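Trainee: Could you work out the structure for the sequence below:
(2 chains)
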Amino acid sequence: MKEQAHPFLEVQKVVKKFGGLVANNKVSLQIGKGEIRGLIGPNGSGKTTLINVITGIYEPEEGNIFYAGKRIDGLQPDVIASLGIMRTFQVARVFRDMTVLENMLIPAFCQGQSRKDAVARAEELLDFALLTRLKDKQAKSLSGGQNMLLQIVRGFMNRDLQLYVMDEPFAGVHQSIKGIILKSIRMMNADKGITFLIISHEMPTVSTLCDKVTVLAKGELIAEGTMEQVANEPQVIDAYLGG
Amino acid sequence: MKWFNLKILGLVVVIIVALLVPLGLSDYWQYVLTVAFFYAIMAASWNLLGGYTGQFSLGHHTFGMLGAYTSSLLMVKAGASLWLSIPAAIAVTMILSLILGIVCLRVHGLYLALITWAFAEVIRNYLRMHYAFTGGDRGLESPLLFGTLQPTPYYYFFLGLTVLCVLLIAVLMRSRIGFYLRSIRDDAIAARSMGVNIVRYKVLAFIVASGIAGMAGAFYGHTIGLISPVLGDFNEMAMIIIFVVIGGMRTQTGPVVGAITVRITMELLREQSEIRIIILSALVIIIMRFFNGGLMEFVRRVKKWVSRRKKPVSAYQ
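Mentor: Reported below is the predicted structural model:
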């Protein structure tokens, strides 16, 4: 069969329903390699559902998802992670009874990295995130912001990471932690060419960080382009102002 | 480092004391401790499942009973040797746990508890009803492991088996598999998103824990000499959970400490009959209320308190 050329991530007409509620209605989007894409929209617009579908938490009723030319819809989350797609959650999901360092080792172990290499890499990342002094503490003893930071740097432990999907990484975190998160995203994007898909409600941050943004409202894609472009779209203004 | 040395020293002392115990104890108390060791293995292996992995199985005691019946039936009915019957008992329990593990994959919490309890009741009643084959409630005579009722060899055997099982679980929990199991218990969705194959490791934990229980049960049958479906009573399961809770869930030595402490306490209170159940229940309430990490939590707090008294902490530290 002839191989079709695909963008790095391509979501094709994805439909996800919960009973009578259509959370994603024929959503299509394309993301290029090395792009930092923002995913915005009012509450309940289907942003988190879409990334849950991309990362395998939900299986779509209709539509396909291609990643690096490979179809990934319907794959289990652990298989998707093994392909180099990591994600974070809106409320940081860390392994609470494990130490900060142990949290970091999980993605590395899943890839078969040696303990020595994994620990060295984890210590490097924890140092970057200013979490070194907490490395032997249980994650449950960390603040919400520190947990968010831990959740984010933990994803970088995946050596094959190519696409990082983040759900509200800046929500409710201290400015200093937000600074570290932003720095890590920019650094990993510039140095390793990692592609990011970031859900955020913080428009100024999205505006400075993201190359393009995709806007969802009521489960449908209503606009796409630079922040300046979409900000002037009447449909976007309507969606945010409840028109 | 200093504390680590102290731990090693403590372990050596415990092992020496355990080796010398039979010299100063009556046959009765040696037997009590042998039974306590069996329950220590059952509790430690359930802790792997219910504690470390968060799979609250109520059918763990059944795998012990299945191990006992498989080995004894093979020896009594088929004339198999111990060298064949014990591995067969382990294999049977592991295969059945694989099936049960697969059935339970999509359920957790209360639903998992109910399915495993139902499985336990099916097996127990099957063994009761097919009395022509299993001996039913009358029981089944099981050939003795050392051909004698004198408890000393059994004491040493079960002591060694307990140490071996605790070590095996400790090694497993320090390995990558242990990391995966703990991550699954803490947050299965996050674990999957990090790349952990939760199906594989949940089933693996089920198989390993049940295999250990099956082996312990098989040897236990050949120690007590007469097995019956009483081994599958829900009381047995409740006791295993109590041992783990009292000793300390998700700790390596807690279930062993819990099983031995509670068994000895119950024996000391034997003459008080039903009072001992009340005392045991009160103990569970007190520990749950004040030390929900069990006796190991109590030890940790004492350790912390002692170290605080020794070293005053500077406000600038």
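
Trainee: residue boundaries of the helices in the stretch 51-200 of chain B?
Mentor: Applying DSSP state H, counting those that start in this stretch to the stretch 51-200 of chain B gives helices spanning B:60-78, B:82-103, B:110-129, B:131-134, B:152-174, B:176-186, B:188-194, B:198-224.

Trainee: Repeat that for the stretch 201-317 of chain B.
Mentor: Secondary structure of the stretch 201-317 of chain B (DSSP H, counting those that start in this stretch): helices at B:234-247, B:254-268, B:275-290, B:294-310.

Trainee: Including mean pLDDT, mean neighbour count and distance to residue B:66, could those go into CSV?
Mentor: The way it works is simple: take the backbone N, C-alpha and C, and place the C-beta from them, glycine included. Formatted as CSV, those follow (pLDDT from 0 to 100; neighbours: other Cβ atoms under 10 Å in any protein chain shown; distance: least, Cβ to Cβ, whole Å):
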stretch, mean pLDDT, mean neighbour count, distance to residue B:66
helix B:234-247, 93, 21, 13
helix B:254-268, 93, 21, 20
helix B:275-290, 83, 13, 27
helix B:294-310, 83, 14, 28
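
Trainee: and the helices of the stretch 51-200 of chain B, which one is worst for confidence?
Mentor: Lowest mean pLDDT within the helices of the stretch 51-200 of chain B: helix B:131-134, at a mean of 91.

Trainee: re the thing from before, of the helices of the stretch 201-317 of chain B, which is nearest chain A?
Mentor: helix B:294-310 (13.2 Å; Cβ to the nearest Cβ).

Trainee: So is the closest one next to chain A?
Mentor: No: Helix B:294-310 is not in contact with chain A by Cβ under 8 Å from any Cβ of the partner chain; minimum separation 13.2 Å.

Trainee: From the contact counts, what lies against that helix?
Mentor: With contacts taken as 3 or more Cβ pairs under 8 Å, 6 or more residues apart in numbering or on different chains; DSSP states H and E, helix B:294-310 sits against helix B:234-247, helix B:254-268.

Trainee: At the contact with chain A, which residues of the stretch 51-200 of chain B appear?
Mentor: Checking the stretch 51-200 of chain B against chain A by Cβ under 8 Å from any Cβ, the hits are B:176, B:179-180, B:182-183, B:185-187, B:189-198.

Trainee: which residue does the stretch 201-317 of chain B bring closest to chain A?
Mentor: At 7.4 Å from chain A, residue B:250 is the closest residue in the stretch 201-317 of chain B, using Cβ to the nearest Cβ.

Trainee: Just the pLDDT at the residue nearest to that residue when sequence neighbours are not counted, thanks.
Mentor: Leaving aside its sequence neighbours, residue B:250 sits nearest to residue B:51 (Cβ to Cβ, 6 or more residues apart in numbering or on different chains; 4.3 Å). You'll see residue B:51 listed with a pLDDT of 91.

Trainee: Now do the contacts for residue B:51.
Mentor: Applying Cβ atoms under 8 Å, 6 or more residues apart in numbering or on different chains, we find residue B:51 in contact with B:244, B:249, B:250, B:251, B:255.

Trainee: Show me which positions of the helix ranked longest in chain A end up buried.
Mentor: What stands out as the longest helix in chain A, according to DSSP state H, is helix A:175-192. Across helix A:175-192, burial judged by 16 or more other Cβ atoms under 10 Å in any protein chain shown covers A:177, A:178, A:180, A:181, A:184, A:185, A:188, A:189.

Trainee: Closest to residue B:33 out of these?
Mentor: Nearest to residue B:33 among the buried residues of helix A:175-192 is residue A:177, at 54.0 Å by Cβ to Cβ.

Trainee: Pull the number of nearby residues for the residue of the stretch 201-317 of chain B closest to chain A.
Mentor: Using other Cβ atoms under 10 Å in any protein chain shown, residue B:250 has 21 neighbouring residues.

Trainee: Just the pLDDT for it.
Mentor: Here, the pLDDT recorded for residue B:250 equals 88.

Trainee: Unless I'm misreading it, it sits right up against residue B:52, doesn't it?
Mentor: Yes: applying Cβ atoms under 8 Å as the test, residue B:250 and residue B:52 come out as touching, 5.9 Å apart.

Trainee: Could you give the bridge partners of residue A:64?
Mentor: Beta-bridge partners recorded for residue A:64 (DSSP bridges): residue A:12.

Trainee: where's it relative to chain B, distance?
Mentor: 21 Å (Cβ to the nearest Cβ, to the nearest Å).

Trainee: now what about the helix or strand of chain A with the lowest mean pLDDT, what contacts it?
Mentor: When each helix and strand of chain A is scored by mean pLDDT, DSSP states H and E, helix A:234-241 comes last, with a mean of 84. Outside of helix A:234-241, the residues within contact range by Cβ under 8 Å, 6+ apart are A:41, A:42, A:45, A:215, A:217, A:218, A:222, A:223, A:230, A:243.

Trainee: Also within reach of chain B: list those from the residues you listed.
Mentor: Checking the contacts of helix A:234-241 against chain B by Cβ under 8 Å from any Cβ, not one of them is in range.

Trainee: Now, of those, which are buried?
Mentor: Using 16+ other Cβ under 10 Å as the burial test, the contacts of helix A:234-241 include A:41, A:42, A:45, A:215, A:217, A:222, A:223, A:230 as buried.

Trainee: Next one: residue 79, what pLDDT does it get?
Mentor: Answering for chain A, as no chain was given. At residue A:79, the predicted lDDT confidence score is 97.

Trainee: Chain B is the one I meant
Mentor: pLDDT, residue B:79: 93.

Trainee: again with residue A:19
Mentor: Reading off the confidence values, residue A:19 has pLDDT 90.

Trainee: ok, whichever residue of chain A sits closest to chain B - how many residues close by?
Mentor: As assessed by Cβ to the nearest Cβ, chain B sits closest to residue A:110 within chain A, at 3.3 Å. When neighbours are counted by other Cβ under 10 Å, residue A:110 registers 22.

Trainee: Read off the pLDDT value for residue B:317.
Mentor: pLDDT, residue B:317: 38.

Trainee: do the same with residue A:3
Mentor: 43.

Trainee: Spatially central residue in chain A, please.
Mentor: What sits nearest the mean C-alpha location of chain A, by Cα atoms, centre = their mean, is residue A:165, with 1.5 Å.
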